[in-house]
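Asks: Sequence first, then the predicted structure, then my questions.
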Amino acid sequence: MATTINKQKLLNQLFATGKKSADTGIPPRPVLEEFIYALCREDATTEQADAAYRYLREHFFDWNEVRVSSLREVEEAFADLPHSEDRAQRLLLLLQEVFENTFSFDLEDLHKKGLKQAAKKLASHQASTDYSSAWVMQRSLGGHAIPIDAPTLRCARRLGLLEADQEEIEASRASLEHLIPKARGTVFTDVVSNLAAEFCGEEEPNCPACPLSGECARGQEGAIPTVAAGRSPRSKPR
């Protein structure tokens, strides 16, 4: 396992390598829309998530039309993403819950709550996962949170930023939040996601082409274990 000094050196190289590919300077979306985008973004690339979100905005008049549409109609937006049916179910569940609670499609009141209360409120939604809650906290509410999905966890373990046997998502997120300054949280999320998609695939990682191959703990060992982060949305009503 890398020492703290080596981890910081690796992070600096990671930021320098992926600086141009990070989504910097993008203004935050309204809270509900950021929540919806997080449903698109988990376990997906930026390009895939953008395409899915754009489909929702262009093929439906508003969020209420999405809410009253069939599962199959909504699933079309996620056709190119893994877990497409699950994403559609979670989106419909989220919109229905927000509408029943507020008679609108607005979660901007979370800005008025403290970060701890806002985090609890986000997590209380049945459609929420640790990733989506952390994403909204990071992108919309100004909290220091690192959203972790399977690609992020895989890369962080292989690079040596996390212990290979560290299985708890919350503990892994806390470890990364300790290492990564709040101001660089969004850059880390984007850069490590791009790295996972381009070089650090689960089955066939392209280590020779990876710009971090010289620093990657698992790549240097020549043995790259298969890892995956389990997703844990709450059970949905039948």
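Replies: Right, received. Where do you want to start?

Asks: Show me the shaky parts of this protein.
Replies: 1-2, 18-25, 217-219, 221-238 (pLDDT under 70).

Asks: Report the distance from stretch 26-42 to the chain centre.
Replies: 10 Å (Cα atoms, centre = their mean, to the nearest Å).

Asks: Ok, stretch 182-196 next?
Replies: Using Cα atoms, centre = their mean, the offset of stretch 182-196 from its chain centre is 10 Å.

Asks: Alpha carbons only: can I get that stretch in CSV?
Replies: Presented in CSV, the C-alpha positions along stretch 182-196 are these (Å, rounded to 0.1, in the frame of the first residue of the first chain):
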residue,chain,number,x,y,z
LYS,A,182,-12.6,19.7,-1.3
ALA,A,183,-11.6,22.2,-4.1
ARG,A,184,-10.4,19.3,-6.2
GLY,A,185,-13.2,16.8,-5.5
THR,A,186,-15.0,17.3,-8.8
VAL,A,187,-11.8,17.1,-10.8
PHE,A,188,-10.9,13.9,-9.1
THR,A,189,-14.3,12.4,-9.8
ASP,A,190,-14.1,13.3,-13.5
VAL,A,191,-10.5,12.3,-14.1
VAL,A,192,-10.6,9.0,-12.4
SER,A,193,-13.8,8.1,-14.3
ASN,A,194,-12.2,9.0,-17.6
LEU,A,195,-9.1,6.9,-16.6
ALA,A,196,-11.3,3.9,-15.8
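
Asks: Name the residues of that stretch that come out as buried.
Replies: Gly185, Thr186, Val187, Phe188, Thr189, Asp190, Val191, Val192, Ser193, Asn194, Leu195, Ala196 (16 or more other Cβ atoms under 10 Å). (Each C-beta comes from the backbone N, C-alpha and C, glycine too.)

Asks: Output those residues in a markdown table; the columns should cover secondary structure and distance to Ser69.
Replies: Shown next, in a markdown table, are the buried residues of stretch 182-196 (DSSP: H, G, I helix; E, B strand; the rest coil; distance: Cβ to Cβ, whole Å):
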| residue | secondary structure | distance to Ser69 |
| --- | --- | --- |
| Gly185 | helix | 34 |
| Thr186 | helix | 31 |
| Val187 | helix | 35 |
| Phe188 | helix | 35 |
| Thr189 | helix | 30 |
| Asp190 | helix | 30 |
| Val191 | helix | 35 |
| Val192 | helix | 34 |
| Ser193 | helix | 29 |
| Asn194 | helix | 32 |
| Leu195 | helix | 35 |
| Ala196 | helix | 32 |
